[in-house]
Every structure is written in C-alpha cells, then in structure tokens.
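> sharing a sequence plus its predicted fold:
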Amino acid sequence: MTRSPRIVIVGGVAGGASAAARARRLSESASIVVFERGPYVSFANCGLPYHIGGVISDRSRLLLQTPASLKARFEIDVRVHTEVISIDSAAQVVIARNLKTGEEIREAYDALILSPGAEAIRPPVPGVDLPGIFTLRNMGDMDAILQLVSKRTANRALIVGAGYIGLELAEQFRHRGMDVALVERLPHVLGVADAEMTFPLHEELVRQKVDLRLGRAVAGFELRPEGLLAVLDDGDQIQCDLVVLCVGVKPEVGLARKAGLTLGPAGGILVDNRMRTSQPNIYAVGDAAEVREFVSGDQALIPLAGPANRQGRVAAEVILGRGSRYEGTQGTAICKVFDLSFAMTGLSETMLQRKGIPYQRIYVHPADHATYYPGAHPITLKLLFNPMDGLILGAQAVGVAGVDKRIDVIAVAQRAGLTVFDLEELELCYAPPFGSAKDAVNMAGFVASNVLRGDVGLWEPEEIAALADDQILMDVRNPNEYAQGTIPGSICAPVDQLRESLPDMAKDKEYLVFCQVGVRAYIAARLLVQHGFKVRNLSGGYRRYAMWKGTHAVPLACEAAMKSEDGE
C-alpha cells in the first residue's frame, strides 16, 4: 500500500462512515471517497422508531453527519445519490452511477471497503406491496410512516415480526395512542432469546394493551374501503390502517457476488479477522459482512451497529498499515419494551443446543439495588456456562432497571475469557440506590460456582412430566405462599421448620426442592445433603417455573399468556 492511498468506500451509516473517519484520523494524506446510494451518509437508524413515536422530536438529531460536515471536518469526498454498480477488481476500479442524472463514472482505488448494509425482508405473501405496508430501515421509510400516522384517520397499526424493531415500534405506536397488533410466527417474541426469558415481555405487552398474536403468520393482505385487512394463517383477520414489516433483514451482496467475492455459509460477504474479502485490497464491514461468532467461532451474520462501527475502524487501520484484528461478535444487545428491558450477550440456550455445545444454565432473580432502598425491582438473569471449566457462554436478563449494567459486565467478562468463578470475585459499585453488596452478577457467579463445585444439584421443570415414585416435589416457602400457587403435586415444608421434619423424611427418596427464586431452596438443599438426603434445587425457583409454564401454554396467544401462573 502506498503512503497516500486512495480509499473508496461503498455505503455510509455505521460501518462505512466509521471507516472513513478513522482512515482520515490515521492519514491526512489519504484520498477518501464515500459513495452512498441514498440521500444520507450517516444517520442513527436505531433511533428511527423513537422519532416515529415522538420521543425524539427533532428529526435533525438523527443525522449524525452530512456530506458537508464530513468534508469540513475530515476532508472526505462524499457522493450521495450515487450507486456503485460494478467492481473491476483486476483494474481496481469501481463504476458508479449518479441516480439523479444517470451519469456513470469510474473511480480508481488502492483499497475498497464495502459497507452496503442489509435490506428489509418483504415476505412473499399476496398483497404485500399494497399502499400502507412499510418496512423500516432508513430515513425515507421513517418519513413515509410518519406521514401516514400523522393523519388522524390512521389509528390502527399492525406490526409483523416481534424482533427488536418490531417491539420498539409497538411501544412507540402505543405512545402515540394507536391501537397495535403484533404478529409473530414464533411461539415467543425476540427469536434471538430463549422462550422462558421472554415471558415477562409477553405479560408487559398485554398489560400495555398490545394485541399479541404468537405462533401466527400473515397469509395475505387485502385493501378494503375501511383500510387494510391482514388475513392470518389460522383464518383470523386484523383490520388496520398501516402495516410495518419487521420480519428480519438480509445482507445486500449483489455487488459483491457480481464482483466474484466469496460468500459465506450464512449468505454474507466472507471476511477474515482483518475484514479482508477473498479479493485483494477489497474489505467488507457491517451488516453485509459475515464475521466470526465469538463463542462458537462459526461464521455468522449479526447485524448490530456497535460491531459495524468497530469493523469499519479495523478495516481502515489494516489498510493504513496497523495490525488490527476483529475478534468476533458476541451479539450483545438490549431492547426497551415499555417499562421492561431485555438484554443479552453471547449465545442463547437454543443456539447452544443447535450447535451441539455442552452447557449448564442457572437463573437468579436479585433486585437491581438494595431492597431496603425505595424503588428496587427484580432482575431475572439467566447465565449459560461451560459445565467443565465455567467459561461464560451467554447471558440474558429482563427487568425494569439495571439490566444493561449487568449484561455489560458479563459481556466484558466473556470477552476477557473469565469464568463463573471470576464473577464471584468481581468488585462492583455498591451503594443502596445503585446496587447491593452482593451484586446480581456476583449472585449469578455464586450460584453457577456452587453447581460446578458440587455444592448443589439442579433439577429442571421439564422433569415434572415424568416424576418417578421415589421423587418428591417439596415447596420450602411459607404456607401462605404455597396457598397462593405452587407446582402441582408438591408438599409444603417451610425451610425454617425443616430440621424438625427430618425424622419423618425418607432417605430412599429424592427431594426436588424449590422456593420463590431459589435462595431458600438452596439453603434447604444444603441442610438436607448434610443430613444424608438426596436433593436437588430448581434454579430460579417458582418464578422460573412460572416463566417456563407460561411459554409452554397453548394456544400461544395473549389471552392464554395472561391466564398462566405468574408465581408472584
């Protein structure tokens, strides 16, 4: 690479714009050209739902950089409304077309960075292209939705797909006072998460009067005089004024495929850990790039803004002679759903099973800060780890407050190669308004480490269906808690009176103990083990059982979800 390379970047937003800015900071002499097909080179696409809902009132705040600002600050030549239509990798030239004038130009490069992003999927169902049916990927999509919902006649919204964008839109449409229906073909929202961890989100959506249709798909759309009609695969019909399709994205790889670049098993542009493609001097970043998933090491498409920014930075540094490497994507993400938040990092249990990776799981439900300080709320935290060495494989959390902090800490621990034993030792901030002396992360470490050390054995809700004659379900909560709802078939044996019950207990039985969140049952398990009894504890307690039971209810619709036991 020459000392003053000519760097051409295809696509802006997160990956491309970050690459351009980083390249300039490293080289004042480099020539940097950015081609952007749309009118905006750098905008906050994660903020689009919140402008639709009015939380972000000023549209201009979503425009992070403009061609003029990038020119003024970084001397970057940004050409919007210009689409790169082909790459001549042998000659190291791109052919671009001005979408307003039709003029075609040739631009030579020493290094080419592809950041084309991903496009929203429009499912192939009848009527999907009718007026009033949108996707949400860019400023233009946002403006079109806003133009319609700003009319007083547009009061009913249907969202198809309950991923991050779908859930955020559901909240923001309700924020505008609209009626909202949310259809998801999976049996739970947030397909990247494990089912039981999303059950609190189901309850929250229903509490906020979202018409939640789980395990359903749209079979087609029709335009009627009174508005749009969505016909579901079970025959139900939903009347609405607009539809937003949030069923996922697919990488835009047409240009790369045409140029002969190798695509990966997931369909994205294959890159190495320096963001290099299969062709010399061509790099790829962002949603179109297929990168290494951190836990398994497999190639994956993980369309997140943070990783895209870092990938752009790495590509620029490699081009300009630094030995930078991209060490994989953990998939750390968070979503606000009305008064709850859900966050995760690493692999879910579902993905670990799919990949055949051995794992152990535990659940804890600590408060976000000291319970004696006003305003404390529980966090449900699921930790997945290697059953041999305790290496962290993934974590998920849901709650009112403090979810982001705990998942961020675990994400850092995972990136650093720490184990659950290290989580026990972490020294985290504590004052009553902010946390507890034993933080939620510490608690997860304690429980997981106890399991690996053999201090306690665990049982799972799935075992209830096939209990043996020598197994006894034992609820160690107080009688009033037991009376309010328990696991069917269990006996009540309060932990504080358990020692007095020992003479009446049989040592040829196995006791499957549980309490509300797992703490009292752990104490009971330790007591019984030391008196020679066979015993296992339900990690996460009755609250975890209620979440599991709720996600196994049928039919999978909001009415059924509301009828399941909440265990509170």
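Structure's in. What do you need? Numbering: from 1, shown residues only.

> how many other residues sit next to V519?
Counted by other C-beta atoms under 10 Å, the residues lying close to V519 total 17. Every residue, glycine included, has its C-beta placed from N, CA and C.

> kindly report the same for D272.
Look at D272: counted by other C-beta under 10 Å, it has 14 neighbours.

> how close does it sit to A219?
Distance, D272 to A219, by C-beta to C-beta, to the nearest Å: 43 Å.

> just F74 next, same as before
From F74 over to A219 the distance is 50 Å, taken as C-beta to C-beta.

> out of these two, which sits in the more crowded spot?
Set F74 next to A219 and count neighbours by other C-beta under 10 Å: F74 wins out with 19 against 16.

> the more buried one and R22 touch, don't they?
No. Counting by C-beta atoms under 8 Å, F74 sits too far from R22 to count as a contact (9.8 Å).

> SS state for the spatially most distant residue from the centre of the chain?
Centroid-distance maximum for the chain: P503 at 49.9 Å, with C-alpha atoms, centre = their mean. Taken by DSSP: H, G, I helix; E, B strand; the rest coil, the conformation at P503 corresponds to helix.

> for it, what are its contacts?
Contact partners of P503, counting by C-beta atoms under 8 Å, 6 or more residues apart in numbering, are absent.

> again, but for N281
Q92, Y109, D110, A111, L112.

> pick the one among those closest to S42.
Closest approach to S42 among the contacts of N281 (C-beta to C-beta): L112, at 19.2 Å.

> now do the closest one against G454, distance only.
When C-beta to C-beta is the yardstick, L112 and G454 sit 56 Å from each other.

> same question, A315
Going from A315 to G454 by C-beta to C-beta gives 47 Å.

> what do you get for L232?
L232 is 50 Å from G454, where distance means C-beta to C-beta.

> same question, V80
Separation of V80 from G454 (C-beta to C-beta): 62 Å.

> so where's the protein shaky on pLDDT?
1-3, 552-568 (pLDDT under 70).

> and the residue nearest the centre of it?
The chain, centroid-nearest residue using C-alpha atoms, centre = their mean: A333 at 4.5 Å.

> list the contacts for it?
Residues counted as contacts of A333 (C-beta under 8 Å, 6+ apart) are Y164, V192, L304, A343, M344, T345.

> between V80 and G454, which one's more packed in?
V80 (18 against 8).

> which strand residues bridge the more buried one?
Bridge pairing for V80 (DSSP bridges) gives the partners E36.

> would you confirm that it contacts T66?
No. Counting by C-beta under 8 Å, V80 stays clear of T66, with 9.0 Å between them.

> shared neighbours of the two, anything?
Residues touching both V80 and T66 (C-beta under 8 Å, 6+ apart): Y40, V41.

> give me the neighbour count for the closest residue to E168 other than its chain neighbours.
In space, and not counting its chain neighbours, E168 is closest to P49: 4.1 Å by C-beta to C-beta, 6 or more residues apart in numbering. Residues within reach of P49, counting by other C-beta under 10 Å, total 27.

> hang on, P49 in a helix?
Yes. Judged by three-state DSSP, P49 forms part of a helix.

> thinking again about what came up before, now the residue farthest from the centre of the chain: how far from L473?
Distance of P503 to L473, computed by C-beta to C-beta: 20 Å.

> what sits against A468?
By C-beta under 8 Å, 6+ apart, the residues touching A468 are E510.

> that one: helix or strand, and which one exactly?
Under DSSP states H and E, no helix or strand contains A468.

> who are the contact partners of V34?
I9, G11, G12, G16, A17, A20, V41, L70, I76, D77, V78, R79.

> now distance to Q396 too, for those, in JSON lines please.
Output for the contacts of V34, formatted as JSON lines (distance: C-beta to C-beta, whole Å):
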{"residue": "I9", "distance to Q396": "35"}
{"residue": "G11", "distance to Q396": "32"}
{"residue": "G12", "distance to Q396": "32"}
{"residue": "G16", "distance to Q396": "31"}
{"residue": "A17", "distance to Q396": "31"}
{"residue": "A20", "distance to Q396": "35"}
{"residue": "V41", "distance to Q396": "35"}
{"residue": "L70", "distance to Q396": "38"}
{"residue": "I76", "distance to Q396": "39"}
{"residue": "D77", "distance to Q396": "44"}
{"residue": "V78", "distance to Q396": "39"}
{"residue": "R79", "distance to Q396": "42"}
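
> got a markdown table for these, with neighbour count and secondary structure too?
Output for those, formatted as a markdown table (neighbours: other C-beta atoms under 10 Å; DSSP: H, G, I helix; E, B strand; the rest coil):
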| residue | neighbour count | secondary structure |
| --- | --- | --- |
| I9 | 32 | strand |
| G11 | 30 | coil |
| G12 | 31 | coil |
| G16 | 28 | helix |
| A17 | 27 | helix |
| A20 | 29 | helix |
| V41 | 26 | coil |
| L70 | 22 | helix |
| I76 | 25 | coil |
| D77 | 16 | strand |
| V78 | 25 | strand |
| R79 | 17 | strand |
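
> all strands for the stretch 251-400 of the chain, in order.
269-270, 282-284, 289-292, 299-300, 333-337, 340-346, 360-364, 379-385, 392-399 (DSSP state E, counting those that start in this stretch).

> which elements pack onto the first one?
Judged by 3 or more C-beta pairs under 8 Å, 6 or more residues apart in numbering; DSSP states H and E, strand 269-270 is in contact with strand 289-292.

> the strand it packs on: how far from the chain's middle?
The chain centre lies 17 Å from the centre of strand 289-292; the measure is C-alpha atoms, centre = their mean, to the nearest Å.

> how about residues contacting that strand?
Contact with strand 289-292 is made by 15, 114, 251, 263-271, 273, 275, 298-302, 307, 311, 326-329, as judged by C-beta under 8 Å, 6+ apart.
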